[in-house]
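Trainee: 3D model of this:
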Amino acid sequence: MKLKKILILSFLYFFTLNVNLLYSIEPDVFVQSTVNRASKTLSENISKDQKINQLKIIAKETVDISGIGFYTLGSIRKNLNDEQKKKYSQLFEQYFLKSFSSRLAEYTNPEIDVQSKEVLSENYTIVNSLLKGTSERPEVKIDWRIYTKDPGNPLIRDLIIEGLSLARTQKEEFASILNSNDNDIKALFVALEEFSNN
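Mentor: The predicted structure follows:
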């Protein structure tokens with residue numbers, strides 16, 4: 001009876017292990033798949049607005065917008081109440097999606113090749129890639145910071161373009177707005193609303 005229990009438990013353990021392996025996605029494969037989706041959208045014969053809408057869908061599925069948002073807010077996030085956090089999350093998502101999609105929509109067919117990856121920890125992997133150069137632009141080195149806590153659902157946490165972290169740059173921009181307004185979160189809310197509505 002004891003042996004039967006051990007066999008059943010062993011089977012369940014290995015079954016669970018195999019299911020987790022089956023549904024885990026390697027960060028470099030995830031990045032290449034994401035850029036391929038974006039590239040396909042950008043090469044389609046559709047309007048710019050349609051491209052922007054499709055790019056927003058891709059971003060919602062592949063980017064940790066909430067994680068980036070609270071990182072870029074800095075330490076002031078600790079002083080916000082639940083209602084302010086909720087409002088900030090909504091405004092940041094609108095801001096991020098508009099900023100991300102409108103910039104990317106300017107590219108006709110970006111070719112990005114994933115070259116290597118570096119596992120930093122259980123939760124983070126850096127994926128190195130190269131945006132191929134054209135007659136109109138030079139090649140650009142892009143590193144992707146991938147959050148891998150859930151192996152079945154990796155998410156983009158940052159893009160480092162030629163050594164410059166976009167999340168850190170955004171954090172500095174928000175800090176500047178807050179510092180100029182006595183750390184009043186309402187000033188940042190106004191700035192985010194103005195960007196999204198223009």
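Trainee: Which of the three states applies to residue 134?
Mentor: coil (DSSP: H, G, I helix; E, B strand; the rest coil).
Trainee: so what's it scoring on pLDDT?
Mentor: Residue 134 carries a pLDDT value of 78.
Trainee: Number of residues surrounding it?
Mentor: 13 (other C-beta atoms under 10 Å). For glycine as for every other residue, the C-beta is placed from the backbone atoms N, C-alpha and C.
Trainee: ditto for residue 61
Mentor: Neighbour count for residue 61, taken as other C-beta under 10 Å: 11.
Trainee: helices or strands up against whatever helix or strand residue 94 lives in?
Mentor: Secondary structure from DSSP states H and E places residue 94 in helix 82-104. With contacts defined as 3 or more C-beta pairs under 8 Å, 6 or more residues apart in numbering; DSSP states H and E, helix 82-104 has these neighbours: helix 48-62, helix 65-73, helix 185-197.
Trainee: who's in contact with the last one?
Mentor: Read that as helix 185-197. 76, 80, 84, 87-88, 91-92, 94-95, 98-99, 174, 177-178, 180-181 (C-beta atoms under 8 Å, 6 or more residues apart in numbering).
Trainee: Go again with 10 Å.
Mentor: Applying C-beta atoms under 10 Å, 6 or more residues apart in numbering, the contact partners of helix 185-197 are 69, 73, 76-77, 79-81, 84-85, 87-88, 90-99, 173-175, 177-181, 184.
Trainee: Equivalent analysis for the longest one, please.
Mentor: Contacting residues not belonging to helix 48-62 are listed as 30-31, 33-35, 37-38, 40-44, 46-47, 65, 93-94, 96-98, 100-107, 146, 153-156 [C-beta under 10 Å, 6+ apart].
Trainee: That one to helix 65-73, inter-axis angle?
Mentor: Using axes from the mean of the first three to the mean of the last three C-alpha atoms, to 10 degrees, the direction of helix 48-62 lies 90 degrees away from that of helix 65-73.
Trainee: just the last one next, same as before
Mentor: Here helix 185-197 runs at an angle of 130 degrees relative to helix 65-73 (the same axes, to 10 degrees).
Trainee: Let me see the mean pLDDT of helix 185-197.
Mentor: 94.
Trainee: Pull out the buried positions in stretch 115-133.
Mentor: Neighbour counts over stretch 115-133 (16 or more other C-beta atoms under 10 Å) mark 117, 124, 125, 126, 127, 128, 129, 131 as buried.
Trainee: Let me know the closest of the residues you listed to residue 140.
Mentor: Among those, residue 131 lies closest to residue 140 (C-beta to C-beta), at 4.1 Å.
Trainee: Confirm for me that that closest one is in contact with residue 143.
Mentor: No - at 11.4 Å, residue 131 does not count as touching residue 143 under the criterion of C-beta atoms under 10 Å.
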